[in-house]
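Colleague: Prediction below, plus the sequence it came from.
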Amino acid sequence: LPTLGWDERRENVELKIRYLYCSEEQRTQLARLRSAGRFHTRVFSPSTGSQVAATQLCVQHRLDSQSLEQLESKWSIVWSTKWATRTGTTKRVLYQCVCGYDTSVRKKGNSKKRTRDEAYGVAETGQAGASEDHAIRRAAYIYTGCLAHADVTYQIGEDSKMSVVTRVLAYLEHNDKCRTAELDKIPAIPLHEHVVEVALRQLGNGAGINVIQSTNIDMLTHLAYRGQSPANALATINHRYNILPSDFSRLYRQHYRKAFSIDVKIAAEHNVDNWLNPDSTHFKPDLHKSVFQYSARASEGERLKISISTPEMKDAAWAFCHKKQLVLDGTFGLCTSRLLVWIALGVDESGHGLPVAMFLFSAPSGNRATHAGYDTNILAELLSGWKSWLGERHGERFTPYAAITDTDFKERGALLRVWSDLILLLCKFHIRQCWTNKRKSSLPRSESHWRIYANSRLLTLEEALLATTCHADGLHLINRAREDFSFLGLDRDGKQYLDGVAKYLDYLLTTWMPRELWSSWSLHGRKKAADRLGIPVQGVLPTTNHLESLNGNLKRKYVPQWQHSGHRLRFDMLLYRLVSNILPQIYAQHRMVTQYNTWQHKRFGHSVITATSSNSRLHTSSGAPCPRLAWYPADERRDADARAIFASRKLAPVPSARPYELWAKCASMSSEHTFYWLTMHPTGAATCTCPDWLQRGGACKHMRAFRMLVEQWMEGGHILRGSFSFPASLSDAKEIEVKNRAWYGESYAKAVTSPPLEESLPRSQTSSIAASARFSHSDTDKDSLLPPPSHPRSTVLLEADADEASEILRTTGELLALDDEVQISDQPDTAGTEVESVNNRRALQLQLDQKFKHDTARMLPALHGITVMLED
């Protein structure tokens, strides 16, 4: 046996009476007994004779290991500690008789809890806890006021058994009621140690409760647990093998304590404070390295604020957000506390969203709705702290060029406080959501064909507005819609829908069409952002879907795997899981995808990869989409389809607003409600809105049919022969575009219609409203534009007298008419970051004014009612 140290042998150690769950009367009696020398104090040596005496003493008072394991034992451990010595490990245990266990003292806030909090550096709160009337006694024996207790010190052997008793300090006399007491209720039956080992191993591997229960049933059925056999004497065993639902809270506590050194009995805010405090014994360096801003909630008027950015996230912020795009949005409901989570997100080289910072903060005191527990100030404070923490790289401060949010003016205001010259964009999905809600409330709810008609036409208008690049075009669309709906007033049932449409159009005009706000959600704003970012407009995010997807994954994929039976995590565990598991997993996935893409490029070559991904919806600065140009290669199938279109008269000219250009619309062969819009320039440049041409270029069947019509006009003398050319190859088409751009210079966009963006086209182009989204322009000074190269202006369109012109217009659908009422959309609004900053502030002020008017209109009737009631 090992030689004992001095501390284990000395008799005058302090007896830990304060840890006993005793009433004040019991403590008074114990103090009297101690003064009278009634306590039993004895020290034992490692010798065989001394240990025999120690064993006899323990057996006599049922403190031996075999007796303590019995479920009927009256001894309960109320405190223990252990320490390492030169010869091994020593453990000191304080036992108390269950009959002397005062439940009310335990419920009120006993010294055991105070000691644990002191160990964590937590000040005593002084809260009384549950009252004695509500204390529920779960001990197996009734309370008799027994004073018996024993402080026993053991020298732990190699087999982890308490093999050597070195000291006993005790009062071992039970009172009369205790000696005669019988079991009052079934005692707590502990799980077998092997069951606990298996369950903890499963928890460490990420298994859920259902999996653990299934494994337990399977092993129990097949007698797979250690020591389990049919021969077990069920009447004498002191443990169980079946896991009950009530066991999981204890299993989880053991799991966190053993695997992560986390005590979930400690208040969440105290755990976080100790993890981030370098002076605490429970300081976690990895967590501290990933939290760049922490502010505890020390008083009622303060907030808890935690800002997260791991080293990988910091590098990603510079790589994917500096001078690029930033997405900002918030969520809640991730943990048990009333905590809000805001996420800053960038878009990586593959077009996937990647979180670059997370901001956690509590709702203010007294706030009844967690989702509304934030304002511009708190968001601006957190974003400003993030900007300061990122600092500088290569002599530049962190500055995103564009940011997209939902319609929340608080987020927009916070972004502008930190980056005043930011191009602020609004999510197209959230814009449509606002419009849909207003449209539904404006139109009468009765089912009618007029409602279906009005709803369909207004949907087309909304799509057209989103595709506008000129503010005047948007106003023109709304005015055109008023005219188109005016006939509803002639019908008795339609008149109520006319009023609803007028109300909705007024809403669009006053709420969303102020110029500064229109620029945030229209295609114009995205083009402006694309110019500043130096990427194609397709690379500018139209929605916050990347961040919405991440929020959804957090709630449905990442966080649930760490929840207990679907219960929300405590916020300290949410913080720990975010930094230790969830964010590293997201970035590991990003690295894996990046490495795979790199391998693909090396393995198959850049050209193959580019061709494979050319149809992807999002194009970033790493790869531009293939140019959409018009040329006419030999294609018998498309030529046959074009002849069918031409013969069926599905192609109809429309007024053109571009000098020298011809425009037309063509009904789809598969749906009479779908139209495609075409343009044709004398040099050979042409466009079509059909998916075939948008995806592959060349000449679709509609463009070939339009060519037949133009050739017929040239043969008929309506257009000068040879004034329109038709390139036969892609190289010819590229050469034509180069010549046109050189010829027209800055006026190129006013002279030649650019290829449309597929995403900017209305899905249902059934009216002139939809057409106007793409083919409506401001007044163009025709004398200010040069004629096409090698085409003198006087030779393009033949001069005709009034009668001949009228006949041409009648037979060709006003092909040669130049609609002076349609307006051009290529005129820039502003230039320079200072003007952008002013426009941002104006747009934000408009949102605030509208919010104020809306809330005021909603509250005034209620206030008026209260005033009348008080007067009465």
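Modeller: Cool, the structure landed.
Colleague: how far does stretch 458-476 stretch from start to finish?
Modeller: End-to-end span of stretch 458-476 (C-alpha to C-alpha, to the nearest Å): 14 Å.
Colleague: next one: stretch 17-30
Modeller: Stretch 17-30 has an end-to-end distance of 8 Å (C-alpha to C-alpha).
Colleague: What average pLDDT does that stretch get?
Modeller: For stretch 17-30, the mean pLDDT works out to 90.
Colleague: Centre of the chain to it, how far?
Modeller: 54 Å (C-alpha atoms, centre = their mean, to the nearest Å).
Colleague: Same question for stretch 346-356.
Modeller: Relative to its chain's centre, stretch 346-356 lies at 13 Å (C-alpha atoms, centre = their mean).
Colleague: Output it as CSV - backbone C-alpha positions only.
Modeller: Extracted in CSV, the C-alpha atoms of stretch 346-356 (Å, rounded to 0.1, in the frame of the first residue of the first chain):
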residue,chain,number,x,y,z
GLY,A,346,-20.7,37.3,-48.7
VAL,A,347,-20.8,35.4,-52.0
ASP,A,348,-17.8,33.2,-52.8
GLU,A,349,-16.2,32.6,-56.2
SER,A,350,-18.8,29.8,-57.0
GLY,A,351,-21.8,32.0,-56.2
HIS,A,352,-22.5,30.4,-52.8
GLY,A,353,-23.3,32.3,-49.7
LEU,A,354,-20.7,32.3,-46.9
PRO,A,355,-21.3,33.9,-43.4
VAL,A,356,-18.5,36.3,-42.6
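Colleague: Next one: the residue nearest to Arg226 when sequence neighbours are not counted relative to Leu200, how far apart?
Modeller: Nearest residue to Arg226, sequence neighbours excluded (C-beta to C-beta, 6 or more residues apart in numbering): His194, at 4.0 Å. The C-beta positions use only the backbone N, C-alpha and C, and glycine is treated the same way. To Leu200, His194 is 11 Å away according to C-beta to C-beta, to the nearest Å.
Colleague: Next: Phe361.
Modeller: Distance from Phe361 to Leu200, by C-beta to C-beta: 34 Å.
Colleague: So if I had to pick from these two, which one is more boxed in?
Modeller: Phe361 (23 against 17; other C-beta atoms under 10 Å).
Colleague: and the residue nearest to Arg226, what pLDDT?
Modeller: Reported pLDDT for His194: 93.
Colleague: what's the helix or strand for it?
Modeller: Under the criterion of DSSP states H and E, His194 resides in helix 193-204.
Colleague: ok, now Val211?
Modeller: Applying DSSP H and E as the criterion places Val211 in helix 209-221.
Colleague: follow-up on the earlier one: between the helix holding His194 and helix 209-221, how big is the angle?
Modeller: With axes from the mean of the first three to the mean of the last three C-alpha atoms, to 10 degrees defining the directions, helix 193-204 sits at 150 degrees from helix 209-221.
Colleague: Quick check: closest non-adjacent residue to the spatially most central residue of the chain.
Modeller: When the chain is reduced to its mean C-alpha position, the nearest residue by C-alpha atoms, centre = their mean turns out to be Asn551, at 2.3 Å. Among residues not flanking Asn551 along the chain, Thr331 sits closest, at 4.6 Å (C-beta to C-beta, 6+ apart).
Colleague: Also Phe487?
Modeller: Nearest residue to Phe487 in three dimensions, chain neighbours excluded: Gly494, at 7.8 Å (C-beta to C-beta, 6+ apart).
Colleague: what pLDDT does that neighbour get?
Modeller: At Gly494, the model reports a pLDDT of 76.
Colleague: Equivalent analysis for Ala140, please.
Modeller: 91.
Colleague: residues touching it, list them.
Modeller: For Ala140, the contacting residues are Leu71, Glu72, Val98, Leu183, Asp184, Lys185, Ile186, Pro187, Ala188, by C-beta atoms under 8 Å, 6 or more residues apart in numbering.
Colleague: Among the residues you listed, name the buried ones.
Modeller: Val98, Pro187 (16 or more other C-beta atoms under 10 Å).
Colleague: Narrow the contacts of Ala140 to those in strands?
Modeller: Assigned to strands by DSSP state E, none of the contacts of Ala140 qualify.
Colleague: closest to Val152 among the contacts of Ala140?
Modeller: For the contacts of Ala140, the residue nearest Val152 by C-beta to C-beta is Val98; the value is 16.6 Å.
Colleague: can you pull the contacts of the closest one?
Modeller: Contacts of Val98 by C-beta under 8 Å, 6+ apart are Lys74, Trp75, Ser76, Ala139, Ala140, Tyr141.
Colleague: how close does it get to Ala140?
Modeller: Distance, Val98 to Ala140, using C-beta to C-beta: 7 Å.
Colleague: just checking, what packs against the host helix or strand of Lys387?
Modeller: Using DSSP H and E, Lys387 sits in helix 376-390. Counting contacts by 3 or more C-beta pairs under 8 Å, 6 or more residues apart in numbering; DSSP states H and E, helix 376-390 is packed against strand 291-295, strand 305-308, helix 311-320, strand 339-347, strand 353-362, helix 409-418.
Colleague: quick one: low-confidence parts of the stretch 751-872 of the chain?
Modeller: Counting by pLDDT under 70, the stretch 751-872 of the chain has low-confidence residues at 756-787, 789-838, 844, 847, 851-852, 854-855, 858, 864, 868, 872.
Colleague: Leaving out sequence neighbours, find the closest residue to Val272.
Modeller: In space, Val272 is closest to Asp572, 4.9 Å off (C-beta to C-beta, 6+ apart).
Colleague: what about the one you found, how many neighbours?
Modeller: 22.
Colleague: mind listing what Cys700 touches?
Modeller: Neighbours of Cys700 in contact, by C-beta under 8 Å, 6+ apart: Arg638, Cys688, Cys690, Asp692, Trp693.
Colleague: Ends of stretch 178-192, what's the gap?
Modeller: Length of stretch 178-192, first residue to last, C-alpha to C-alpha: 29 Å.
Colleague: try stretch 175-191
Modeller: End-to-end for stretch 175-191, by C-alpha to C-alpha: 32 Å.
Colleague: pLDDT averaged over it - what is it?
Modeller: The average pLDDT for stretch 175-191 rounds to 91.
Colleague: can you give me the offset of it from its chain's centre?
Modeller: Relative to its parent chain, stretch 175-191 has a centroid offset of 53 Å by C-alpha atoms, centre = their mean.
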